[in-house]
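Undergrad: Got a predicted structure here, sequence first:
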Amino acid sequence: MTDKNIWYLPGPFHRYEDDVKALAKKAGLRIIDASATENRDNESDSPPKAKLKPEYAADEAETNPAKMGVAELREWLTAQGVEFDPKAPKADLVKLIPAE
């Protein structure tokens, strides 16, 4: 059994097409507003996918890699040509962000 049972998702949750609270419950996860904390302890390795409603999606593109979610940060690091352990936690991935 794993302790990685937290889904960090930026709120407010009404911006999502799906009922994210129901998705979290179904996946056995606790949902925490990622906008309210920098802490990512016990973050789930495979949280459900949540799609923003179209009226909110345009404003949500995060450009600061340190503030991205784990999946987005991994994509960003890959695009930058940075090699990393695919199972590395966010804290380790953030350390790989090149200085500007």
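TA: Arrived safely, thanks for sending. A quick note: this is a predicted structure, and the numbers were derived from the prediction, not measured.

Undergrad: hey, let's count contacts and neighbours off CA atoms from now on
TA: OK.

Undergrad: which helix is the longest one in this protein?
TA: When the chain is scanned for its longest helix (criterion: DSSP state H), the result is helix 70-79.

Undergrad: what's the lowest-mean-pLDDT helix or strand in the chain in contact with?
TA: Sorting the helices and strands of the chain by mean pLDDT, DSSP states H and E puts helix 54-57 at the bottom, at a mean of 79. Residues from elsewhere that reach helix 54-57 (C-alpha atoms under 8 Å, 6 or more residues apart in numbering): residue 15.

Undergrad: which other helices and strands contact the next helix or strand after the longest helix of the chain?
TA: Downstream of helix 70-79, the first helix or strand assigned by DSSP states H and E is helix 90-94. In terms of contacts (3 or more C-alpha pairs under 8 Å, 6 or more residues apart in numbering; DSSP states H and E), helix 90-94 is packed against helix 70-79.
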